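Enquirer: Provided below are the primary sequence and the corresponding predicted coordinates.
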Amino acid sequence: MKTNLSFSTPAEAETECLVTVVLDRAEKDKTEAFVATNDKAVQDTAAEVIASGEATGKNFETTLLHNPARLKAKRLLLVGGGKAKQFSAVELRKLAGAAVRSLKPKGVRSFAFLAPESVPADEAVKAIIEGAFVGNFDPDSYKSDRKDQKIEAITVVTRGEQPALHKAMDEALILGESQNFTRQLVNEPGNRMTPTILADHARKMSQEVGLKCEVYGAEKLKELKMGAFWGVAQGSDEPPALIVMRYEPAGAPEKPVLGLVGKGVTFDTGGISIKAADGMEKMKYDMAGGATMIGAMRAIALLKPKVKVICIVCATENMPSGKAQKPGDIQTAMSGKTIEIINTDAEGRLVLADGLCYARQLGCTHLIDAATLTGAVVVALGYTNAGIFANDDVMYDRFTRALAKAGEKMWRLPLDDEYKEQIRSNIADIMNTGGRYGGAVTAAMFLKEFAEDTPWLHLDIAGTAWMEDSKPWIAKGPSGIAVRSLVEFAKSFGA
Ligand code: BES
Ligand code: MN
Ligand code: ZN
């Protein structure tokens, strides 16, 4: 999708469709809708349909007018943005996605979005473009009768300082494309997204954006003594891939070195502790954490913050076979810790244990992992908030600022020492499951053992990496959660 800015008056915008936000400034139960612009021509054009009560400002309500007399645009689309008092860039991002999704099936291929004046212009430009990219993605690539209905170009009609707004636009484009790159990877089924194929995508993208990328196989896992990662990989006929990507810009300080570690389980059958058949097809998205990190690296390489970043993706299938690890087996992780395997379906923490350890060995001073780690985080937080865990409050605070910028939601869960009891083993240093209760926490406690004293965040995206239903602003399927926040976080160390 091409992106443009226009600084002309809205009435002059020659476009297939001009989109404007309608807000509700109601007190109590009386609604009073108004268009979120000071432009007289747009106000006048919308006046009748608002007065009739058809356009109310209700969230995601869309009203389309053809041939608006006072505008050069062929159509005017009103999108409801809810209560004026609560309206911010977060809502605006979604509205841009909703505008895209409402115009696509109508045959509109390009449109202009009028930035509402109540949001600072640079934030508005960024939110509108990011949201439009989110809305423009559809996961139907394997339908033979697929109609490509993508929006080809968006123009943001805005006012203000041109260089700053162009910078905001360029950043948003990179973020939007990178998030969709992640979503494309996550959308692929297990037979078309093996560890090897995932690594090929990482390598190809790295070449395009100028990242160093190395891909290692089973030999390297053994050489590094990654017994936890290999314990999972040994059961599959598909070779594992240890993907290492490096962003080392000239002029970046020696420290910090940010380490992004992703779970890249390209299909999770559960292994010998095999999952029930019902819904197992969804386990193709168990590499979402890895794809998230790869997408974030793409954006980082293009946005060029002055900070070193190393990305490690531990890619493997989790399969039952004659070679597969068994419950009761004991594996020695790269760090030297011994792990009693209670349930082979708790494989994500095993591959991440060695990924985190390797990141520390490579000199990372700050670690973040992303993983579709537990069903328990879905029980705890549903599909709205990802789970976030931290062993360092300063790093957590910095990340919450990145989340706010990106408009993403995560909720912090605890890591008290008491939980460690649940993963104590009789025979080894640690068990890979912690019983029925607090499953998201005990999984995180397991990882914490491998982050050791390095500041670390763990993002459990099991409930948020895949949209169970479509929403007005986003299709059902892979969401690309966390990509934008991770990039904002990296940028916070030196834009
Ligand atoms: N990949 C799953 C977690 C998952 C669940 C992701 C639902 C996406 C949606 C993970 O490997 C897993 O199987 N976890 C087990 C852990 C249990 C055996 C301790 C789980 O959550 O049931
Ligand atoms: Mn599993
Ligand atoms: Zn898994």
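Expert: Thanks, I have the structure now. Ligands and ions are numbered 1, 2, ... in the order given.
Enquirer: And the helices in the stretch 251-400 of the chain, which stretches?
Expert: Shown for the stretch 251-400 of the chain, the helices assigned by DSSP state H, counting those that start in this stretch span residues 288-303, 348-361, 375-381, 393-406.
Enquirer: Ligand 2: which of those is closest?
Expert: Among those, the nearest to ligand 2 by Cβ to the ion is helix 348-361 (6.1 Å). Every residue, glycine included, has its C-beta placed from N, CA and C.
Enquirer: Report the rounded mean pLDDT for that closest one.
Expert: Mean per-residue pLDDT for helix 348-361: 99.
Enquirer: Give me the helices and strands touching it, please.
Expert: On a contact count with 3 or more Cβ pairs under 8 Å, 6 or more residues apart in numbering; DSSP states H and E, helix 348-361 meets helix 227-233, strand 257-268, strand 308-318, strand 366-371, helix 439-451.
Enquirer: Can I get the longest one in CSV, CA atoms only?
Expert: Right, the one you point to is helix 439-451. Provided in CSV are the C-alpha atoms of helix 439-451 (Å, rounded to 0.1, in the frame of the first residue of the first chain):
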residue,chain,number,x,y,z
GLY,A,439,0.1,-22.3,34.5
ALA,A,440,1.1,-19.1,32.8
VAL,A,441,3.1,-18.1,35.9
THR,A,442,4.9,-21.4,36.4
ALA,A,443,5.9,-21.4,32.7
ALA,A,444,7.3,-17.9,33.2
MET,A,445,9.1,-19.0,36.4
PHE,A,446,10.7,-21.7,34.4
LEU,A,447,12.0,-19.2,31.9
LYS,A,448,13.2,-16.9,34.6
GLU,A,449,15.7,-19.6,35.7
PHE,A,450,17.4,-19.2,32.3
ALA,A,451,17.3,-15.4,32.1
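Enquirer: please renumber so the chain begins at 588
Expert: Sure, I'll start counting at 588 from here, so that last one is helix 1026-1038.
Enquirer: can you give me how far the helix or strand just after that helix is from the chain middle?
Expert: Using DSSP states H and E, the next helix or strand after helix 1026-1038 towards the C-terminus is strand 1043-1047. How far strand 1043-1047 lies from its chain's middle: 13 Å, per Cα atoms, centre = their mean, to the nearest Å.
Enquirer: again, but for stretch 805-823
Expert: Its chain's C-alpha centre and that of stretch 805-823 lie 28 Å apart, by Cα atoms, centre = their mean.
Enquirer: Tell me the buried residues in that stretch?
Expert: For stretch 805-823, a neighbour-count test (16 or more other Cβ atoms under 10 Å) marks 805, 807-808, 811-823 as buried.
Enquirer: and which of those is nearest to ligand 1?
Expert: residue 819 (9.6 Å; Cβ to the nearest ligand atom).
Enquirer: would JSON lines of the helices and strands packed on helix 935-948 with distance to residue 972 be doable?
Expert: Shown next, in JSON lines, are these (distance: least, Cβ to Cβ, whole Å):
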{"stretch": "helix 814-820", "distance to residue 972": "28"}
{"stretch": "strand 844-855", "distance to residue 972": "19"}
{"stretch": "strand 895-905", "distance to residue 972": "24"}
{"stretch": "strand 953-958", "distance to residue 972": "14"}
{"stretch": "helix 1026-1038", "distance to residue 972": "12"}
